[in-house]
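Asker: Just a sequence and a predicted model for now, questions to come.
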Amino acid sequence: MAVLILVISMVGVALVFGRGNAMMTGEIKEEAIATQAAQERLETVRNLPFDTVLSLGSTFTAAGLSNLNNAIGTVAVTDPLGSNNIRQVTVTVTWQSSQGRTHQKSLVTLVTRNGINRQ
């Protein structure tokens with residue numbers, strides 16, 4: 001009888017951990033998709049002329065976002081230093097996981113009027 005209880009307990013624990021790992025794997029995959037979409041947008045922004053960066057729209061789409069539930073891509077351009085020559089660009093992907101939790105992945109870069117490493 002004790003062996004039967006031990007076996008049932010071990011099977012139960014294995015099922016719980018197996019399911020937890022599957023959920024974690026799904027969320028890791030979702031985060032990778034969101035990170036890739038944000039990185040692609042950030043690289044696109046970095047290659048734009050400075051004056052175009054100043055007038056970017058607040059949302060974006062990417063092919064990978066269609067693989068996430070209720071995904072929204074946003075871009076925020078701010079002036080962190082009060083300078084006419086530098087802008088901070090934050091690209092964020094927000095989505096709802098398959099478990100119903102809201103997740104967000106943000107990437108940030110600085111863009112300068114004269115290019116990389118110049119102010």
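Answerer: Done, it's in. Numbering: from 1, shown residues only.

Asker: okay, which residue is most central for this protein?
Answerer: Central residue check for the chain by Cα atoms, centre = their mean: the C-alpha nearest the mean position is that of residue 105, 2.9 Å away.

Asker: In contact with the residue nearest to it when sequence neighbours are not counted, which residues?
Answerer: The shortest distance from residue 105 to any non-neighbouring residue, by Cβ to Cβ, 6 or more residues apart in numbering, is to residue 34 (4.2 Å). Bear in mind the C-beta positions are built from the backbone N, C-alpha and C, glycine included. When contacts are counted by Cβ atoms under 8 Å, 6 or more residues apart in numbering, residue 34 is found next to 64-65, 68, 71, 93, 95, 103, 105.

Asker: rerun at 7 Å
Answerer: 68, 93, 95, 105 (Cβ atoms under 7 Å, 6 or more residues apart in numbering).

Asker: quick one: pLDDT of the last one?
Answerer: In the predicted model, residue 105 carries a pLDDT score of 97.

Asker: Which strand or helix spans it?
Answerer: Element membership for residue 105, per DSSP states H and E: strand 102-112.

Asker: how about that strand as PDB, C-alpha atoms only?
Answerer: C-alpha atoms of strand 102-112 as PDB (Å, rounded to 0.1, in the frame of the first residue of the first chain):
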ATOM      1  CA  THR A 102       0.100  40.500 -19.700                       C
ATOM      2  CA  HIS A 103       3.800  40.700 -20.600                       C
ATOM      3  CA  GLN A 104       6.000  43.600 -21.800                       C
ATOM      4  CA  LYS A 105       9.400  43.700 -23.500                       C
ATOM      5  CA  SER A 106      11.100  47.000 -23.900                       C
ATOM      6  CA  LEU A 107      14.400  48.000 -25.600                       C
ATOM      7  CA  VAL A 108      16.000  51.400 -25.400                       C
ATOM      8  CA  THR A 109      18.600  53.200 -27.500                       C
ATOM      9  CA  LEU A 110      19.900  56.700 -27.900                       C
ATOM     10  CA  VAL A 111      19.900  58.300 -31.400                       C
ATOM     11  CA  THR A 112      22.000  61.400 -32.200                       C
END
